[in-house]
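> Build me a model from this:
(one chain, ligands or ions: 2)
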Amino acid sequence: MVHHQNKAIREGDNPDLTAERVTGTFDTHSMAAQIYNSEAHARRRREITEIIAKRPELHDTKPFPFMTREEKILESSRKLTLITKHMNEIIEPNNSNEMFHLNNEVLGIEGHPMALHGIMFIPALTAQASEEQQKKWLTRAINREIVGTYAQTELGHGTNLQNLETTATYDVATQEFVLHTPTITGLKWWPGNLGKSSNYAVVVALMFIKGKNYGPHTFMVPLRDEKTHQPLKGITIGDIGPKIAYNVTDNGFLGFDHYRIPRTNLLMRHTRVEPDGTYVKPPHAKINYSAMVHVRSHMITGQAIMLSYALTIATRYSSVRRQGQIDTTQPEVKVLEYQTQQHRLFPYIARAYAFVFAGAETVKLYERVLEEVATGNVSLMADLHALTSGLKSVVSHYTAQGIEQARMACGGHGYSQASYMSEIFGVAVGGCTYEGENMVMLLQLARYLVKSASLVKTGQSSKLGPLVAYLGAKSDSTSLIDRTPTTGFAEYVKTFQHIARRQTLKAADKFFGLMEKGEKRPIAWNKSSVELNRASRLHTRLYIVEAFVRRVEEVADPRLKEVLTDLLHLHVNYELLDMSTYALEDGFVSSSQLDYVRDQLYFYLAKIRPNAVSLVDSWEFSDQELRSVLGRRDGHVYENLFAWAKASPLNKTDVLPSVDKYLKPLMESARASKL
Ligand SMILES: CCCCCCCCCCCCCCCCC/C=C/C(=O)SCCNC(=O)CCNC(=O)[C@H](O)C(C)(C)COP(=O)(O)OP(=O)(O)OC[C@H]1O[C@@H](n2cnc3c(N)ncnc32)[C@H](O)[C@@H]1OP(=O)(O)O
Ligand SMILES: Cc1cc2nc3c(=O)[nH]c(=O)nc-3n(C[C@H](O)[C@H](O)[C@H](O)COP(=O)(O)OP(=O)(O)OC[C@H]3O[C@@H](n4cnc5c(N)ncnc54)[C@H](O)[C@@H]3O)c2cc1C
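Ligands and ions are numbered 1, 2, ... in the order given. A predicted model of the protein is given here:
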């Protein structure tokens, strides 16, 4: 038995796909260790996949696209119950990375009845509930004695939290908060698993004490009877209906009618209300936004995974799909041979790697800030908020674009739900909206950048934090890309820094200039906001490049280093071309330098070509996790597409009731009228 670098090779696979794997120059298990940030985790992922493969009760009973929403929810609940019961036989207790993988394999990406329980409810209680409150609720939540969600967004307001309409008014006499929804637009709207599954929620409401509005605060609120699951008196609750995707998650609505909860249900780790109504303010005004920051920090990795699902499907399929000739004397080629196909897919493969490396850094910073905040040190909260606001926006935007490119790269079959592309796209694109609409979050980062620009303009660059220190540096007069014998990544980084710095300072100038001309601050802000958001995007893309460079520098294995270096070359050249307007407009990069960049791009497309399949295989998604006929590991696409179509519910009978009822009579009457 030959040992190949690509560990996905099996006997009996489609030879076109095997041929791709044989050309791989690096060990895909070692690359998986880079992607999943440790050899141990990559190995555990494989072990978990194997365990699941041997347990048919954890497999889908039929393809998701053939199920109704109700069937999917039932099936998901069945499997959720099983994995909850047998969790300790499959994953390490309380290991959230392993849990995430288990969920993706068994439950899939369309959601499940406890999705928000793990991703927001428990994190909100962990970060915001006092020790005493945690003893009361957190243990029960972890044991799944209760199921919870995070209910913040309303029908009328999602972005502007200060204008939420749900109120929590403190009643000193009874030491209770009275939750109330005054209007239809004040109904909570969107919270995942609120509609039908959760019996508790962390609810965000404007807190009023003795007539004073203290702004949004978080409360632990029972919603349903723990025994009967019936809504409690004073609660109106239900599902908001089908969405573009994520339909196994019951996003819900919720209204309160003068609904009373004890004072001690205000989450009181950082904020307190004493029995007499005295308010004790937190060490940072936005400390109770932590559940959002938790998701924003983790979703970078989540988005990279979605993008890689789509790229795995498209790259494997492009290796077995033959269409047309390049040399007319030769047989039809794999569509992956076309430069246009490579240009469609490979830069996104590079972006997916860049995103997962940036995501790992973000989670590290998040964990550090979480620890520090627990001890009362809130100094890094602003940096983390700025970083995650930019990353969540940029990464989700390019992820959606990349998935759509991958879908189109699969031609007609990409449009079939057999590819699973539409669900992957629908789930991923939700990330552009949830946890803060992308434009809004870019503007949050812009606030941070404008403050930093102001430090630069007032000669205080030494006060800049490490993420923005480059704003205080001076650019060379022109980029040295292709002008020095060893054009390394440093020249590219300097060029991206120049572009981000120039745009940031320019946008800040516009904003300050408008104010100097007499515009009020919010008006000046609005009139500068497109330019400000451009700065936020460029700053974030610079960060992503730097995270990629940092990772490649750390890699010791020469084979991995070589292919990751190729990917990084592709990434920096593609990114620079994509933002070339900014580079050209002040002459920092010339058009002849851009020709060099373009040549480099084409060179690296060709260099990556033999490793393309290995680069997507390295994500080690099982067929169960991918749920795509086109993306199958074995490459046997056509026979399985035919089997999939035959299994379609419409093919259960040769003649549908609709034909009997309508089409047959219609044709019969048409024939009769001709007689
Ligand atoms: C390999 C292993 C894999 C591991 C695991 C991978 C996991 C993958 C996870 C996948 C995840 C999938 C999850 C799917 C579930 C989706 C669930 C969705 C849930 C939701 O959507 S919940 C609702 C979210 N809602 C929002 O995000 C609302 C957006 N709006 C806001 O956040 C705020 O309104 C605001 C930030 C825009 C403005 O707030 P506010 O009005 O209070 O602000 P002010 O104008 O008063 O003040 C602005 C200043 O405040 C600072 N600020 C704001 N937020 C923060 C913060 N969080 N931290 C620190 N500072 C903050 C600003 O910076 C401003 O400061 P300045 O100094 O004044 O400039
Ligand atoms: C799949 C999914 C899951 C969700 N899960 C949850 C959940 O579990 N819990 C929960 O509480 N919520 C949840 N949400 C709600 C989500 O957080 C909000 O929809 C999101 O924060 C955007 O708010 P919005 O809908 O009010 O958009 P809006 O703010 O109304 O946005 C509409 C447009 O206005 C623009 N805009 C708004 N304000 C500004 C501004 N200040 N400056 C410039 N432009 C602006 C936006 O950029 C956008 O183009 C979920 C949403 C989705 C799609």
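
> Can you tell me the SS state at residue 355?
State at residue 355, reduced to three classes by DSSP: H, G, I helix; E, B strand; the rest coil: helix.

> tally of neighbours for it?
Around residue 355 there are 31 other residues, counting by other CB atoms under 10 Å. For glycine as for every other residue, the C-beta is placed from the backbone atoms N, C-alpha and C.

> Could I get the contacting residues of it?
300-301, 303-304, 307, 395, 398-399, 544 (CB atoms under 8 Å, 6 or more residues apart in numbering).

> And it, how close does it get to residue 398?
8 Å (CB to CB, to the nearest Å).

> Residue 298 too?
Distance from residue 298 to residue 398, by CB to CB: 18 Å.

> And for residue 449?
Applying CB to CB to residue 449 and residue 398 gives a distance of 20 Å.

> re earlier: can you say which of the contacts of residue 355 are also within reach of ligand 1?
residue 301 (CB under 6 Å from any ligand atom).

> any idea which of the contacts of residue 355 is the one closest to ligand 1?
residue 301 (4.4 Å; CB to the nearest ligand atom).

> Which residue does the stretch 251-400 of the chain have closest to ligand 1?
residue 302 (2.9 Å).

> How about the residue in the stretch 451-600 of the chain that ligand 2 sits nearest to: what's its closest non-neighbour residue?
Nearest residue of the stretch 451-600 of the chain to ligand 2: residue 529, at 6.4 Å (CB to the nearest ligand atom). Closest residue to residue 529 apart from its sequence neighbours, by CB to CB, 6 or more residues apart in numbering: residue 443 at 6.2 Å.

> how close does that neighbour sit to residue 524?
In terms of CB to CB, residue 443 sits 13 Å off from residue 524.

> tell me, what residue is most central in this protein?
The residue lying closest to the centre of the chain (CA atoms, centre = their mean) is residue 303, at 3.2 Å.

> isn't that one right next to residue 428, touching?
Yes. With contact defined as CB atoms under 8 Å, residue 303 counts as touching residue 428 (6.2 Å).

> joint contacts of these two?
With CB under 8 Å, 6+ apart as the test, residue 303 and residue 428 both reach 396, 399.

> Helices of the stretch 451-600 of the chain, start to end?
489-516, 521-554, 558-578, 580-585, 591-608 (DSSP state H, counting those that start in this stretch).

> Let's have the ones you listed in a markdown table, adding distance to residue 15.
A markdown table is the format used below for these (distance: least, CB to CB, whole Å):
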| stretch | distance to residue 15 |
| --- | --- |
| helix 489-516 | 38 |
| helix 521-554 | 33 |
| helix 558-578 | 23 |
| helix 580-585 | 41 |
| helix 591-608 | 22 |
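
> Can you tell me which of those is nearest to residue 118?
helix 521-554 (26.1 Å; CB to CB).

> can you give me the mean pLDDT across that closest one?
Taken as a whole, helix 521-554 has a mean pLDDT of 98.

> any idea how far it is from the chain center?
Here helix 521-554 shows a centroid-to-chain-centroid distance of 18 Å under the convention CA atoms, centre = their mean, to the nearest Å.

> In three-state terms, how would residue 285 be classified?
Following three-state DSSP, the label given to residue 285 is coil.

> Can you tell me which of the contacts of residue 355 is nearest residue 274?
residue 300 (39.7 Å).

> what's in contact with the host helix or strand of residue 422?
Using DSSP states H and E, residue 422 sits in helix 421-429. Applying CB under 8 Å, 6+ apart, the contact partners of helix 421-429 are 64-65, 109-110, 243-246, 303, 306-307, 309-310, 313, 396, 399-400, 403-404, 406-407, 410, 414-415, 417, 627-628.

> Need the buried ones from the residues you listed selected in ChimeraX.
Applied in ChimeraX, the following selects the buried portion of those according to 16 or more other CB atoms under 10 Å:
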select :64,65,109,110,245,246,303,306,307,309,310,313,396,399,400,403,404,406,407,410,414,417,627,628
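
> Just the ones of the contacts of helix 421-429 in strands?
Using DSSP state E, the subset of the contacts of helix 421-429 located in strands is empty.

> near ligand 1, which residues of the stretch 351-500 of the chain?
So the stretch 351-500 of the chain meets ligand 1 at 381-382, 385, 434-436, 440, 444, 447 (CB under 6 Å from any ligand atom).

> Flag the shaky bits of the stretch 201-350 of the chain, pLDDT-wise.
Across the stretch 201-350 of the chain, nothing is flagged by pLDDT under 70.

> where does residue 204 fall, phi/psi-wise?
The phi and psi values for residue 204, taken as degrees, to the nearest 10, are phi -100, psi 120.

> quick one: it from residue 119, how far?
16 Å.

> Spell out which residues make up each domain of this protein.
36-113, 146-282, 291-460+487-615, 639-670 (automatic domain parsing).

> From start to finish, how long is the last one in a straight line?
Spelled out, that is domain 639-670. Its first and final residues considered, domain 639-670 spans 39 Å by CA to CA, to the nearest Å.

> Adding distance to residue 350, write the contacts of residue 355 out as a markdown table.
A markdown table is the format used below for the contacts of residue 355 (distance: CB to CB, whole Å):
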| residue | distance to residue 350 |
| --- | --- |
| 300 | 16 |
| 301 | 17 |
| 303 | 15 |
| 304 | 12 |
| 307 | 11 |
| 395 | 13 |
| 398 | 11 |
| 399 | 13 |
| 544 | 11 |
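
> Identify the farthest-apart pair in the contacts of residue 355.
301 and 398 (14.5 Å).

> Which stretches in the stretch 101-250 of the chain count as strands?
In the stretch 101-250 of the chain, strands defined by DSSP state E, counting those that start in this stretch lie at 148-151, 167-171, 176-180, 188-189, 200-209, 212-222, 235-239, listed in chain order.

> could you give the mean pLDDT of the third one?
When pLDDT is averaged over strand 176-180, the result is 98.

> starting at the chain centroid, how far to that strand?
The answer for strand 176-180 is 35 Å, by CA atoms, centre = their mean.

> Contact partners for residue 346?
With the criterion set at CB under 8 Å, 6+ apart, residue 346 makes contact with 570, 604-605, 608-609, 612.

> Flag the shaky bits of the chain, pLDDT-wise.
In the chain, residues with pLDDT under 70: 1-2, 485-487.
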